[in-house]
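Visitor: quick one, structure for this:
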Amino acid sequence: MKLPVILFSLLLFFSCTTSTQETEATTEGPAILDQIQAPVRKNFTRKYSGKINEKQITMEIVNTNGNLTGYYIFFPDGKQVLLDGKLNGEAVELYERNGNRKITGVIKGKLSGNNFSGEWEVLSSGEKFTFDLRQGN
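Guide: Numbering: from 1, shown residues only. Prediction:
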């Protein structure tokens, strides 16, 4: 008679232990996701200026719910290059497009205060250049 009671007690003990572990793992999941998915900043339009590959540029970026659009202009030639991409927290990824909407470059960077800095990659050559732009009028 004691054996069935002992077996039942062990079964009950192990089933409770497993349930507790599963619950702990489940409650940790959303907390980790909240840390990874940084909130998108409020909608904005910002103008930056500085240099990419020693060439002076002006850039305008419009954020609408984390979707970015805009352009930059090289000086002195005045060539305008279209941009679109994503904003996730402070991380920016922009795609440079030619007149046929083909992606010709990738700009990855970080917004920090009045600065936008990171790396620009020319896809045709694989060359990469750092940039540091400052917000202004």
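Visitor: contacts for stretch 50-64, please.
Guide: With contact meaning Cβ atoms under 8 Å, 6 or more residues apart in numbering, stretch 50-64 is reached by 40-49, 68-76, 83, 87, 92, 94, 116, 120, 129, 131-134. Bear in mind the C-beta positions are built from the backbone N, C-alpha and C, glycine included.
Visitor: out of the residues you listed, which are inside strands?
Guide: Using DSSP state E, 44-49, 68-74, 83, 87, 92, 94, 116, 120, 129, 131-134 are the members of the contacts of stretch 50-64 that sit in strands.
Visitor: would you show me how to pick out the buried ones of those in ChimeraX?
Guide: Those of these that count as buried under 16 or more other Cβ atoms under 10 Å are selected in ChimeraX with:
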select :46,48,49,68,70,71,72,83,87,92,94,116,120,129,131,133
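Visitor: return the distance of residue 125 relative to residue 104.
Guide: Per Cβ to Cβ, to the nearest Å, residue 125 is found 10 Å from residue 104.
Visitor: my bad, residue 86
Guide: Going from residue 86 to residue 104 by Cβ to Cβ gives 18 Å.
Visitor: is residue 74 in contact with residue 81, as I believe?
Guide: Yes. Residue 74 lies in contact with residue 81 (Cβ atoms under 8 Å); the separation is 7.4 Å.
Visitor: which residues touch the closest residue to residue 130 other than its chain neighbours?
Guide: Spatially, and ignoring its direct neighbours in sequence, residue 130 is nearest to residue 119 (5.6 Å; Cβ to Cβ, 6 or more residues apart in numbering). Under the criterion of Cβ under 8 Å, 6+ apart, the neighbours of residue 119 are 107, 108, 109, 128, 129, 130, 131.
Visitor: many thanks, have a good one.
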